[in-house]
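Asker: next input, structure requested:
(2 chains)
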Amino acid sequence: MTSPDLCDLAISVLHNKIKNREIKFSDIITSVIKRIKSEDQKINGYISIFEEDAINQAVELDKMMKNFEQLKPLSGIPIAVKDNICVKDKLTTCGSKILANFISPYDATAVAKLRAAGAIIIGKTNLDEFAMGSSTETSYFGPTSNPIDNRYVPGGSSGGSAAVVKYSGALGALGSDTGGSVRHPAAFCGVAGLKPTYGRVSRYGLVAFASSLDCIGVLGKTVADTAIIFNTIAGHDEMDATTINTPVKNISVDSNAIKNYTIGIPKEVFAEGLDGRIAKVIDDTINNLRSRCRNIKEVSLPGTKYAIATYYLICMAEASSNLARYDGVKYGLRVSSSELKDLYARTRDDGFNTEVKRRILIGTYGLSKGYYDEYYGTAQKVRNLIKQDFDQAFKDCNVIITPTTPVLPFKLGEQISDPLAMYLGDIFTTPANLAGITAISIPAPVFIDNFPVGIQITGPALGEEQILNTAKAIEEINE
Amino acid sequence: MNSKYEVIIGLEVHIQLKTRTKLFCACPAEFGGQPNTNICPICSGLPGVLPTVNQHAVDLAIKAGLALNCQISSKSSFARKHYFYPDLPKGYQITQYKEPLTTNGFIEIDGSKIQIRRLHLEEDSGKSIHSPTESLIDFNRCGVPLIEIVTEPEIRSPVQAVKYLQTLRQIMRYLDVSDCDMEKAHFRCEPNISLRPIGQKQFGVRTELKNLNSLNSVHQALDFEINRQSEILDTGGVIVQETLFWDEQNRVAGTMRGKEESEDYRYFPEPDLPVLVLNRENIDNIKNTLPLLPWQRKKNLKEKYNLSENIVNIILETKEFADYFDETIKLCDDAKLVANWLITEVKAVLNEKSISINEFNIIPKELADLLNLLRAQKITGTVAKEIFTDMVLTKKTAIEIVNEKGLYLSNDDSLLIKSIDEVLAENVDIVAKYKSGKTSVISFLIGAVLKKTQGKLTPQKIKDKILKKL
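Answerer: Predicted structure coming up:
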């Protein structure tokens, strides 16, 4: 058996190899770039690749690094960044024609923190336009394919990030999760995808889709890799008034901790619309965990059946506001006209795709005079109820296990003309966003038609350690 | 004006707060500068940025609210107000809607209270500069903190409206929360106005006026609108609810947008900013820093110094001027004298040089020294004015000038007698006139002696001596 390529190894393994001077920083970058070159033409995971910058940084690190005892946690580790997160002096397109030429003059806080921890930003990944979608097919830069089978979608909207992590075109990636956009593609591509607690990671530099739901999340090959990246980007930020001001604990993942946990299984999960094969995998996995955790019990989340409707009302309303700034005046696409209103209309008509326009229109309607209370106002009330459901459930358990998605990956083009079906794919992921709590998707140890099944572990606010530990236990089932 | 109708006016005033930085970012909030130099990704609305609240702006708004007798909310939130315009880079303005910072205040004018509905914080927009061939935008002003102060529709005449604005501006200047310079758009007023037949309870249809750049325009535009609405009502017409744009040059108001074009701002709570929790202690601290306001000082001045309403109003016009008066009076205990000098001599210099009292080079102590010389009858009024002029020019003190020039009043009778003898000898014809009964000519003789003695003697003393001689 040939030894694996460097790019296929875990972050901690590479870290130790560097520390022991078995490899150089440039070896890692070379391996990753080689992989990108062989795979990305098929996958289209990247919108921009910073090959030269990355090599230069690695070479510089090789030159400068003298004291290997003081390696930073991500020194020389290539990380990909979803293209709706700003990286200084690089394109930040959001997968949209309207920002196809936009170069950000600043780094997002999460990106700055990655750099401070030694990471090398290797490229910007593809996404559904403005992160609105669950298949990464609606990008202006073309669809991304699932590395497991190129005929299938990688999920979305952080499909580019999930795909490049899966094919080892990066050792980890940032994504964004507004209603499941990190967990959904993680499930479809068979990688780990963490959505942190709302406010645990700064949103400064994340191009807003739905501000009260948006979270920067992490995609990693393993639970441990995911935890390392999360530790790096978490924390209070003066630039984001919605970040939480409690100290960050450096999480070191320990699956043994689950023996003291109570795992909750919501009785509402095995409802209509859930693929029976997925239901069985979840059941089997839970049974498998019983040897390590004896407290597994049923909990109830009655409000979650309203999650999709609530989620879409809120996210569309906020999107209609957040996307108002793309008007052709200051930056990005401009379709000229002698009339101001016409300039706006033409620019926005040409610059946004159908799905984005659909959401802006519905969202605008939902905020209009006379409709606000009925739609946005009501949605906020239901949102509170869903939050209370979780508060109640977490009195009785530490983590809650559900599927990540109700269906397995579908083929490219299969659902693109059925937005409702696409929206229903978010049924298990949106509740965590509405409640502002944390959740992770991790591949189950069983495959169906070659595809892994995503298991979602949800924790209370700031419960990242609990869900990472539980995810680690699931990861270990087949080891 | 047509007296069949009652005039109903409500005022919406925007005041730019005097903070070092903008409301939601760290950019300088100063006026002017090269276009688009005081901007950053946040105030220019780049993708991915977030606002953070400038606490100093919140404190200034609370201060303003307290001075206007408003209730300060314990919780206050921001909201987004949406409309498309090139100088609004985010496509929405961050303002306050459902939970304003302060509510229910009032200003007292001539004994009647004008109720203030709310006072809230919001960000300013940029500035569009239009020419026939192109439109340019300057984002420097984007995000500069404003307070919006809205009255109930309780103002009953253009005169009262202007009085309200003057009082409001004066209070804001006293608080030092704003310079309220209308030319620099620190202080902007948008009135709404309607008429109703006297005795009718229901309000008439109102119109809004925009582009009023001085108190004068406010007065003129309101007069114009009252006449226009009365004429329509007189002929049985209907007032259309609309926003009118005041044309300063032609003194007419034209339609800017009608009701059917009126915008739906789609307000919703700003998700990027947590609810502001206003802590009692902080509010109390701000309360303790409130200066005495004009109406409080007015009472003081009138009772303590027995000055006339008119003089008091002039002294209180600005806080700095009133402070100058207070400082001077501490060192020169003659309120009438100090008040007189301030509103005539000092004001004249300020007006001539177009400077404020803060930029005036004579400090209260020096002015008091000068006036004390006058009070002690060591110099005459005429000489005091000359010395004052010298002080303005040379920056020397009164004592220095008096000493240098030997301007003290003389007790030397020989000088006086000598001068009078000379004057009488030089003006034999005048003396003859006096003696023939035309006694009024004596003032000419006094003047001549004054001139000769270079102001070292008081006119009274000269008069006494001349009378004796004659």
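Asker: who's in contact with the closest residue to chain B within the stretch 51-200 of chain A?
Answerer: Residue nearest to chain B within the stretch 51-200 of chain A (C-beta to the nearest C-beta): residue A:86, separated by 4.7 Å. All C-beta atoms are positioned from the backbone trio N, CA, C, and that covers glycine. With contacts defined as C-beta atoms under 8 Å, 6 or more residues apart in numbering or on different chains, residue A:86 is in contact with A:92, A:104, A:106, A:107, A:108, A:111, A:205, A:206, A:207, B:47, B:48.
Asker: and of those, the nearest to residue A:324?
Answerer: Ranked by distance to residue A:324 (C-beta to C-beta), those are led by residue B:47 at 11.9 Å.
Asker: relative to chain A, how far out is the closest one?
Answerer: Counting by C-beta to the nearest C-beta, to the nearest Å, the gap between residue B:47 and chain A amounts to 4 Å.
Asker: could you find the closest non-adjacent residue to that residue?
Answerer: The shortest distance from residue B:47 to any non-neighbouring residue, by C-beta to C-beta, 6 or more residues apart in numbering or on different chains, is to residue A:207 (4.3 Å).
Asker: repeat that for residue A:471.
Answerer: Residue A:471's closest residue in space is residue A:442 (C-beta to C-beta, 6+ apart), at 4.3 Å.
Asker: secondary structure class for that neighbour?
Answerer: strand (DSSP: H, G, I helix; E, B strand; the rest coil).
Asker: tell me what it is bridged to.
Answerer: residue A:455 (DSSP bridges).
Asker: that one: what's it in contact with?
Answerer: When the contact criterion is C-beta under 8 Å, 6+ apart, the partners of residue A:442 are A:186, A:192, A:223, A:454, A:455, A:457, A:471, A:474, A:475.
Asker: what's the spacing between it and residue A:182?
Answerer: 12 Å (C-beta to C-beta, to the nearest Å).
Asker: mind checking pLDDT for the residue of the stretch 51-200 of chain A closest to chain B?
Answerer: With respect to pLDDT, residue A:86 has a value of 98.
Asker: and what of residue A:398?
Answerer: With respect to pLDDT, residue A:398 has a value of 98.
Asker: quick one: the residue nearest to it when sequence neighbours are not counted and residue A:457, what's the gap?
Answerer: Taking C-beta to C-beta, 6+ apart, and ignoring the residues beside it in sequence, residue A:398 has residue A:261 as its nearest neighbour in space, at 4.2 Å. Counting by C-beta to C-beta, the gap between residue A:261 and residue A:457 amounts to 10 Å.
Asker: which residues touch the residue in chain B that chain A sits nearest to?
Answerer: Evaluated by C-beta to the nearest C-beta, chain B has residue B:91 as its residue closest to chain A, separated by 2.5 Å. With contact taken as C-beta under 8 Å, 6+ apart, residue B:91 is in contact with A:321, A:323, A:324, A:325, A:327, B:45, B:82, B:83, B:84.
Asker: residue A:393 contacts residue A:297, doesn't it?
Answerer: No - the criterion here is C-beta atoms under 8 Å, and residue A:393 misses it with residue A:297 at 10.3 Å.
Asker: shared neighbours, those two?
Answerer: Between them, residue A:393 and residue A:297 have residue A:264 as joint contacts when contacts are counted by C-beta under 8 Å, 6+ apart.
Asker: can you tell me the closest non-neighbouring residue to the residue nearest in space to the middle of chain A?
Answerer: Among the residues of chain A, the one closest to the centroid is residue A:182, at 2.1 Å (C-alpha atoms, centre = their mean). In space, and not counting its chain neighbours, residue A:182 is closest to residue A:217: 3.5 Å by C-beta to C-beta, 6+ apart.
Asker: next structured bit after the top helix by length along chain B?
Answerer: Scanning chain B for the longest helix, with DSSP state H as the assignment, gives helix B:215-234. Where DSSP states H and E defines the elements, the next helix or strand beyond helix B:215-234 is strand B:242-247.
Asker: from the contact counts, what lies against that following strand?
Answerer: Judged by 3 or more C-beta pairs under 8 Å, 6 or more residues apart in numbering or on different chains; DSSP states H and E, the packing partners of strand B:242-247 are strand B:207-210, helix B:215-234, strand B:252-258.
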